[in-house]
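In: Curious how this folds, go ahead:
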Amino acid sequence: CSMEQRDTHRRRAIMLETLALNEAFGEACPASAPFFGYMGAAAALIFANLGAAYGTAKSGVGICSMGVMHPTLIMKSIIPVVMAGVIGIYGFIIAVVVGTKIKEPIGGGTGSAVVPQYTLFAAFGHLGSGLTGGLSGLAAGMAIGIVGDAGVRATAQQPKLFVGMILILIFAEALGLYGLIVALIMSSAGGGTCPEN
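Out: Numbering: from 1, shown residues only. Prediction:
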């Protein structure tokens with residue numbers, strides 16, 4: 001009977017030791033924290049590229065239909081496509097900045113505890129950062145696409161509209177730039193350190 005008790009105590013001690021190793025991830029630094037950080041990086045790139053793709057496609061359709069009657073104006077009308085492409089670069093910048101700030105846990109070898117390095121505060125900051133930049137880029141890309149499509153067609157018929165179209169495109173691009181600035185500020189907010197167990 002005492003041998004069984006010793007085995008039970010030994011098994012319980014091993015189980016508690018295993019639990020202690022696995023419980024290094026606490027409320028401040030859960031194992032799911034990197035998921036939210038990487039989702040922020042993904043959201044920034046995906047939504048900004050959706051906006052850039054829409055802006056490029058919509059403006060491109062306008063340029064193609066205008067170019068049939070006025071082929072000399074095609075290069076002058078390519079500006080909305082370039083501005084839409086810049087929106088994708090904004091998303092790429094945010095995704096790279098957020099992705100490089102995500103810290104992987106250290107340790108985890110035989111008999112050593114896995115020590116988290118990435119706080120939930122930082123993870124939510126990075127998620128918010130990615131959504132801010134990505135959705136701002138989506139909105140800016142849609143505005144650039146709609147204005148670019150109508151603008152290049154109208155400019156072909158009335159050249160005096162060109163300056164007005166460019167000003168509208170600049171203000172539409174500024175929406176994406178606002179998102180980039182706020183996203184960079186949010187991503188640089190300190191997340192603190194994981195508490196020692």
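
In: in the protein, which spans are helices?
Out: Shown for the chain, the helices assigned by DSSP state H span residues 2-22, 33-69, 79-101, 120-157, 162-187.

In: Looking at these, spot the one closest to G107.
Out: G107 sits nearest to helix 2-22 of all the helices of the chain, at 9.0 Å, using Cβ to Cβ. No exception for glycine: its C-beta is placed from N, CA and C like everyone else's.

In: who wins for proximity to V114 among the helices of the chain?
Out: Of all the helices of the chain, the one in closest proximity to V114, counting by Cβ to Cβ, is helix 2-22 (7.1 Å).

In: Sketch out the low-pLDDT regions of this protein for me.
Out: Flagging of the chain using pLDDT under 70 yields the residue ranges 1-3, 13-26, 108-111, 196-197.

In: 80 - rerun?
Out: Judged by pLDDT under 80, the chain has its weakly predicted residues at 1-28, 107-116, 190-197.

In: how much space between F162 and A95?
Out: Going from F162 to A95 by Cβ to Cβ, to the nearest Å gives 34 Å.

In: So these two - more neighbours on which side?
Out: A95 (25 against 18; other Cβ atoms under 10 Å).

In: if I pick L45, what's in contact with it?
Out: 91-92, 94-95, 134 (Cβ atoms under 8 Å, 6 or more residues apart in numbering).

In: if we can go back for a sec, next, format the helices of the chain as a markdown table and append distance to G107.
Out: What follows is these, written out as a markdown table (distance: least, Cβ to Cβ, whole Å):
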| stretch | distance to G107 |
| --- | --- |
| helix 2-22 | 9 |
| helix 33-69 | 15 |
| helix 79-101 | 20 |
| helix 120-157 | 19 |
| helix 162-187 | 26 |
